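Asker: This is a predicted model, with the sequence first.
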Amino acid sequence: MQKLVIIGAGMASGRTLEHITDASADAFEITLFNAEPRGNYNRIMLSPVLSGERTYDEIVTHDDDWYAARNIRTRFGEKVIWVDRKRKLVMGENGEVSYDKLIIATGSTPFIIPVPGHDLPGVIGYRDLEDTNAMIDAAAQASASAVVIGGGLLGLEAAAGLRMRGMEVTVLHNDGHLMNRQLDEAAGYLLQNDLEKRGITVMTSANTKQIVGDGKVEQVRLEDGTEIPANIVLMTAGIRPSVLVGQEAGLKVGRAIEVDDQMRTSDPDIFAVGECVEFEANLFGLVAPLYDQAKVLANTLLGVEDSFKLRELSTKLKVTGCDLFSAGDFAEGEGREDIVFRDPKRRVYKRLIVENDRLIGAVMYGDTADSNWFFGLIKDGTNIEEMRETLIFGPAYQDGSATTVDPLAAVAALPLEAEICGCNGVCKGDITQAIEAGAHTLDDVRAKTKASASCGTCTGLVEQVLAFSLGDGFQVTAEKPVCKCTDLTHEDVRRLIKARELKTQPAVWQELAWKTPNGCPSCRPAINYYLLADWPLEYQDDLQSRFVNERNHANIQKNGTYSVVPRMWGGMTTADELIAIATAAKRFDATIKVTGGQRIDLLGIKKDDLPLIWKDLNSAGMVSGHAYTKGLRTVKTCVGTDWCRFGTQDSTGLGIKLEKKLWGSWTPHKLKLAVSGCPRNCSEATCKDIGIICVDSGYQISVGGAAGMDLRQTEALVDVATEGEVDEWVTAFVQLYRENGKYLDRVYKWVAKVGLEWVKEELANPQTRIDLIDRFALSQSVYQTDPWADHVSNRANQYEPLADLTMEAVT
Amino acid sequence: MNWTDIGELAAVPIRGSRIVKTQAGCIAIFRTSETEVFATSNTCAHKGGPLNEGIVHDKKITCPLHNWVFSLETGEAQGADEGRIATYPVKVENDRLLLDIDALATATA
Ligand code: SRM
Ligand SMILES: Cc1cc2nc3c(=O)[nH]c(=O)nc-3n(C[C@H](O)[C@H](O)[C@H](O)COP(=O)(O)OP(=O)(O)OC[C@H]3O[C@@H](n4cnc5c(N)ncnc54)[C@H](O)[C@@H]3O)c2cc1C
Ligand code: SF4
Ligand code: FES
C-alpha cells in the first residue's frame, strides 16, 4: 500500500480525505498531521460559535470515530517541522514518517499588521478555536471592549459576535466603506447602518498608528490621534498563506505554493490543496474553490483524470439579520452597464452588472432571496437580452406574465388597499377618496391624507395616482427636482438629510432612491455642500464632488492656468505683503490685476506651480482669499473714522473683524459683505449679500443685495448699537442661510423664497441667534483652515502629473 | 500592446483623475470606481479644456470649462454636443496602473 502523508487537517484536506476514502477504503495508508490539537471542524462556523448561536461540538465534521473507521493515523497537536524530499520523510515534532505521496494543506494565518504594540498580549487573529475561545473569555469580563481592525467578512462576523456577547465593539476599516472588496459604496453604507444599529461603532478611512498598553492591550491609537480603549484587539486585516513547510522543502513558491491543475507542486510526489496554494497567480480565501481542488486532488491520487478550473465566487456574510450577497465582478468597466434597484423603505439595494448581454456580477443588500438565481445566471453566462427590462425583479417576473412597465398602468392596476405612503400608512384608496373630495394638487393630498408628507420618497407615486385620477387635469409640481438623478427638489433633499440624519453621499443616494450610481455634476456639489453644512463633524468633505476651482483652490482660466488671490482682510494690506506678492508674481511670471473686491489677483499660474506659490504666500503670512468659492469672498470696507472726515464708526476695523470671523465658511453660493463708514456708502454695501452702513447711532444691517446678473438693493434687517451686536446678527444670519438655502441661491434669492419677514422673526429670538452662532462656530472649528497650507502639506503630489512618459520610447 | 506601468491605482482618487505626460500630449487617467479606470486625451474637443479637472460621474466626465460631457468608454460627446476625444487602453494589475503606450503611437501617427 502507498503511504500518503497529509500536513494540516483543515477544510481542504478534510474534503480530500472524504473523497479518497469514499472511493477506495484501502488505496493508501494515511497519516494526518495537524498543528491544532484536534481534527477537522467546520472553520467557517466559528462565527456562530463566537456569537453563541452554535457550540463547538456542533461544528465538528470529523470526530475520532470517523478517522478510526477509515484507518487514518492522526497526529493532532503535532506540527510538521520539515520535509526531507530526498529521503521522502516528514518530520513532526514527535518524530518522522516516510511518504510515497505527500499533501500540504496548511491553510493560512491571519495577517498581523506590524504597527507598534502588535505583539502585546490581547492582540489576536481570528482563525481557530483557540482564537475564538480567547474572544469569548474576553467578552465574559465586565464592561469589556474590543477593537476590530479590518472591516471585511471576518472582522464583521467577529464584531457582530462580540457585540452579541455584550462587548463594546469598534470596527476600524482603512477603506471608505466596509467590505470594499465585496461590496460597492451603497451596499457598504447599508451594512454599516445595520451594524451601527446593533451598537457597533464603525470607523471607516481609519488608520491604526499604534496599539498602546503596559504589559497588555489597553487602547488603540489612530493616525489622526483618536484613542479607543480596548481589552482586546482583533486583527482581521487579511490572511497570509502558510507556505513555510513547502518553502523549506524547496518547492516552487510564489505568493503561495504553486500547483498545476492537478494540484501537483513542482515535486511530482508532493501535492498541495487549500489556502496555501497558488494556481495561475490566484490565491484562495473561500471554501467553494477549495472543495473543487479537493475533488481534483482525490481523483489525481486515485489515477482518475480531472483538472481544476477557476470558477465564479459569491460571498455572504454570516451575521444574522445582515442579508448581503456579492458575486462575480461588480467593478464598473468598459462596455458594462449597471441595473440599479433601490427601495429605501425596505432598505433594499440591488445592483446587477451586465456585459455583452450577460450578467457578470451582482451586489445585493437587504433582499437576497433571488441571489442564487442571479448567481446561476452569472456562472452559466446565460444570455439575458430578452429579460433585461425586468431582470432585476428576479425570476418571478420572467415567466412572461409581466408585461411592459408603464408606471401609470402599474399604479392604475394597484388595488385600493395597496400602501402608497409607508411612513404614514396611506393606501391608494385614501388618496383617490381625497381626490374625489376635491384635493387636486399634491399639496392638497398631502394636507388631507399626509401621504408623501414625511420622507417624501413616495411623492412620485402620489403624483401618479393624481395623474391617472385626474387625467389632463393634473399638472406635476412646479418646483424642479435637483437634477435627473432624483425627483426630489433641493428643499426636499435638505429636509430629508436633516430629518433622516443622512451623513454620507451613499446614504443620500440610497435612502432617497437616486437613479444613478453616484450622481452627476449638478447634484454632487449640492449634496456635498448640504452634508458638510449639516454635519460638519461627521461628514468628510469630498473633493471629487467639487467644481475644479474649489478642488484646486484657485480659479481656472480659459487656457487651463489658474489665478491666485490671497486674502487681504477688509482690503487692507502692508508693504511687506505687497513685496511678497510682487516677488511671487515675478517668480511665477503672473499677470497682476487689482480685483473689484479690494485685493490683488495673480493670473496665469500653472497648475504644477500652485503649491509653490501658495507656500511663498503662506510664509509671508497670507492665506487663501477663497476667490473661487461658494463661501465667504470679501468684506469690502472704506476708510471710515480712521481717515475720513465723514466717518461715523470704524468701518475698516469692523470689516476686518467680520472677515476674520466668517472666512473659510462654505455657503450655498458666494457671500459678499461690505461695511461703509457713512451713508455715502463708498464700499457699495447696499448691493452686497450683507451690507452694513455705519451711522452716528450705530449700525444699519441690510441683506439681499446683488450687483451681478441681477441688480438689487439690500433691504433692512435690523439696526443695532454696537459692533458686538453686528457680529451676533451677521453670524446668525449667515448660519440661517447656510442651513436653509438652496445650493446656488444667492442670499437675495433665498430671502425672496423664505420671505424677509420669516428671517426677521427667526432672528428676533435671542436664543435662536445664540444657537445659530454656536452651530456656526462648530462648523468653523472644522472648516476655518487655510486650504492652501493644507494642500501644500497633504496633497501637493496631486498637483503633479502621475507619470511623465515623454522620455519613453514609443515604438 | 506595450503595457507600461504609470503608477499605483491609489494615486488616483475615486471619481478623480490624474494626468500622464506623453509624446502624444497629456493623457487623463480617470478612476470611476474602486477598480475601474479609463484613459483619454486630456484635451476637451470643444475648446481644449483640461478634462482631468472635471467632475467624474458614472462613466462620464464633464469638462470644467463649459460643461461638455464625454463618455469615457467611447470618447463621444454626450447630448447635443458633437465631438470626440481619443481613448486609450489602460488596465489595473496588482493595484498598479498600466497604459498601452503603443496605442499612443498609433493615435499620433
Ligand atoms: C476677479 C474678479 C474680476 C476682477 O478682476 O475684478 C471676478 C472674476 C470672476 N467672477 Fe466676479 N469677479 C470679481 C468681482 C465681482 C463683483 C464685484 C464685487 O464683488 O464687488 C461682482 C458683482 C457683485 C455680486 O457678486 O453681486 C461679480 C459678479 C460675478 C457673478 C454674478 C453673480 C450673480 O449672482 O449674479 C459671477 C457668476 C457666478 O458667480 O455664477 C462671477 C463669476 C466670476 C468668475 C469666477 C467667472 C468664473 O466662473 O470663472 C470670474 C473669475 C475670473 C478669473 O478667471 O479669475 N462674478 N464679480 C473679481 C474678484 C473679486 C475678489 O477679489 O474676490
Ligand atoms: C471565522 C472564519 C469564518 C469563515 N467564513 C467563511 C465563509 O463564510 N465562507 C467561506 O467560503 N470561507 C470562510 N472562511 C474561510 C475558510 O474557513 C477557509 O477558506 C478554509 O478553512 C481553508 O481551508 P484550508 O484547509 O486551506 O485551511 P485550514 O482550514 O486553515 O486548515 C489548515 C490546517 O493546517 C494546520 N497546519 C498549518 N501548518 C501546519 C504544520 N506545519 N503542521 C501541521 N499542521 C499545520 C493548521 O493548524 C490548520 O488546522 C472563514 C474562515 C474563518 C477563520
Ligand atoms: S465680468 Fe465676466 S468677463 Fe469679467 S471677470 Fe466677471 S465673469 Fe469674467
Ligand atoms: S473646453 Fe471643454 S467644454 Fe469648452
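Answerer: It's in. Residues are numbered from 1 along each chain as shown, chains lettered A, B, ... in the order given. Ligands and ions are numbered 1, 2, ... in the order given.

Asker: Where does the prediction get shaky in the stretch 51-200 of chain A?
Answerer: The model of the stretch 51-200 of chain A has no residue with pLDDT under 70.

Asker: All the strands of it, residue numbers only.
Answerer: Along the stretch 51-200 of chain A, the stretches classed as strands by DSSP state E, counting those that start in this stretch are A:73-76, A:80-84, A:89-92, A:95-98, A:101-104, A:108-110, A:123-124, A:145-149, A:168-172.

Asker: Mean neighbour count and distance to chain B for those strands - can I get that in a markdown table?
Answerer: To be clear about C-beta, it is placed using only N, CA and C from the backbone, and glycine gets the same treatment. Below are those laid out as a markdown table (neighbours: other C-beta atoms under 10 Å in any protein chain shown; distance: least, C-beta to the nearest C-beta, whole Å):
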| stretch | mean neighbour count | distance to chain B |
| --- | --- | --- |
| strand A:73-76 | 17 | 38 |
| strand A:80-84 | 17 | 30 |
| strand A:89-92 | 18 | 34 |
| strand A:95-98 | 14 | 39 |
| strand A:101-104 | 26 | 25 |
| strand A:108-110 | 18 | 19 |
| strand A:123-124 | 22 | 26 |
| strand A:145-149 | 26 | 19 |
| strand A:168-172 | 24 | 18 |
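
Asker: so which of those gets nearest ligand 1?
Answerer: strand A:168-172 (40.8 Å; C-beta to the nearest ligand atom).

Asker: Quick check: most distant residue from the centroid of chain B.
Answerer: Most distant residue from the mean C-alpha position of chain B: residue B:80, 21.3 Å away (C-alpha atoms, centre = their mean).

Asker: Quick check: beta-bridge partners of residue 96?
Answerer: Went with chain A since none was named. Beta-bridge partners for residue A:96, by DSSP bridges, are residue A:91.

Asker: Actually, chain B is the one I wanted.
Answerer: Here residue B:96 sits in beta bridges with residue B:8, residue B:93, going by DSSP bridges.

Asker: Quick check on residue B:57: phi, psi?
Answerer: For residue B:57, the backbone dihedrals (degrees, to the nearest 10) come out as phi -150, psi 140.

Asker: Likewise for residue A:608?
Answerer: With angles defined as degrees, to the nearest 10, residue A:608 sits at phi -60, psi -30.

Asker: Count the neighbours of it for me.
Answerer: Residue A:608: 11 surrounding residues under other C-beta atoms under 10 Å in any protein chain shown.

Asker: Same question for residue A:196.
Answerer: 12.

Asker: since we're on the closest residue to it other than its chain neighbours, how many residues are nearby?
Answerer: If the residues on either side of it in the chain are set aside, residue A:196 comes closest to residue A:202, at 6.0 Å by C-beta to C-beta, 6 or more residues apart in numbering or on different chains. Counted with other C-beta under 10 Å, the neighbours of residue A:202 add up to 22.

Asker: Next: residue A:219.
Answerer: With other C-beta under 10 Å as criterion, residue A:219 counts 18.

Asker: Phi and psi next, for it.
Answerer: The phi/psi pair for residue A:219 (degrees, to the nearest 10) is phi -160, psi 170.

Asker: who does it bridge with?
Answerer: Bridge pairing for residue A:219 (DSSP bridges) gives the partners residue A:212, residue A:229.

Asker: For the residue farthest from the centre of chain B, give its distance to residue A:523.
Answerer: 21 Å (C-beta to C-beta, to the nearest Å).

Asker: and what of residue A:46?
Answerer: 44 Å.

Asker: and if you look at residue B:71?
Answerer: Applying C-beta to C-beta, the value for residue B:71 to residue A:523 is 19 Å.

Asker: More neighbours: the two, which one.
Answerer: Between residue B:71 and residue A:523, counting by other C-beta under 10 Å, residue A:523 is the more crowded of the two (28 against 18).

Asker: circling back: can you redo the strands of the stretch 51-200 of chain A as CSV with distance to residue A:348?
Answerer: Listed next are the strands of the stretch 51-200 of chain A as CSV, based on distance: least, C-beta to C-beta, whole Å:
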stretch, distance to residue A:348
strand A:73-76, 46
strand A:80-84, 49
strand A:89-92, 52
strand A:95-98, 55
strand A:101-104, 44
strand A:108-110, 33
strand A:123-124, 35
strand A:145-149, 27
strand A:168-172, 23
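
Asker: Let's have those in CSV, adding distance to ligand 4.
Answerer: CSV is the format used below for the strands of the stretch 51-200 of chain A (distance: least, C-beta to the nearest ligand atom, whole Å):
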stretch, distance to ligand 4
strand A:73-76, 69
strand A:80-84, 64
strand A:89-92, 68
strand A:95-98, 73
strand A:101-104, 59
strand A:108-110, 50
strand A:123-124, 53
strand A:145-149, 44
strand A:168-172, 42
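
Asker: Indicate which one of those is closest to residue A:792.
Answerer: Nearest to residue A:792 among the strands of the stretch 51-200 of chain A is strand A:168-172 (28.6 Å), distances taken as C-beta to C-beta.

Asker: Can you tell me the strand partners of the closest one and which way each runs?
Answerer: Partners of strand A:168-172 in the sheet, by DSSP bridges, are strand A:145-149 (parallel), strand A:201-203 (parallel).

Asker: and residue A:507, which of these is closest to it?
Answerer: The closest of the strands paired with strand A:168-172 to residue A:507 is strand A:201-203. By C-beta to C-beta, the value is 12.8 Å.

Asker: Give me the distance between that closest one and the centre of its chain.
Answerer: Distance of strand A:201-203 from its chain centroid, counting by C-alpha atoms, centre = their mean, to the nearest Å, is 12 Å.

Asker: Any figure for the gap between the residue farthest from the centre of chain B and chain A?
Answerer: For residue B:80, the distance to chain A (C-beta to the nearest C-beta, to the nearest Å) stands at 15 Å.

Asker: What helix or strand is that residue located in?
Answerer: For residue B:80, there is no enclosing helix or strand under DSSP states H and E.

Asker: show me the contacts for residue A:745.
Answerer: A:668, A:669, A:753 (C-beta atoms under 8 Å, 6 or more residues apart in numbering or on different chains).

Asker: In three-state terms, label it for me.
Answerer: Here residue A:745 is coil, with the state taken from DSSP: H, G, I helix; E, B strand; the rest coil.

Asker: Is residue A:290 within a helix or a strand, and which one?
Answerer: With DSSP H and E as criterion, residue A:290 is part of helix A:287-301.

Asker: neighbouring strands for the very next helix or strand once past that helix, and are they parallel or not?
Answerer: Following helix A:287-301 in sequence order, the next helix or strand is strand A:314-316 (DSSP H and E). Pairing partners of strand A:314-316, with direction, according to DSSP bridges: strand A:324-328 (antiparallel).

Asker: Just checking the partner strand against ligand 2, any contact.
Answerer: No - under the criterion of C-beta under 6 Å from any ligand atom, ligand 2 is not reached by strand A:324-328; the shortest gap measures 11.9 Å.

Asker: same thing with stretch A:77-93?
Answerer: Yes - using C-beta under 6 Å from any ligand atom, stretch A:77-93 reaches ligand 2 at A:79, A:80.

Asker: wait, residue A:254 sits on residue A:276?
Answerer: No - checked against C-beta atoms under 8 Å, the pair residue A:254 and residue A:276 is beyond contact range at 11.8 Å.
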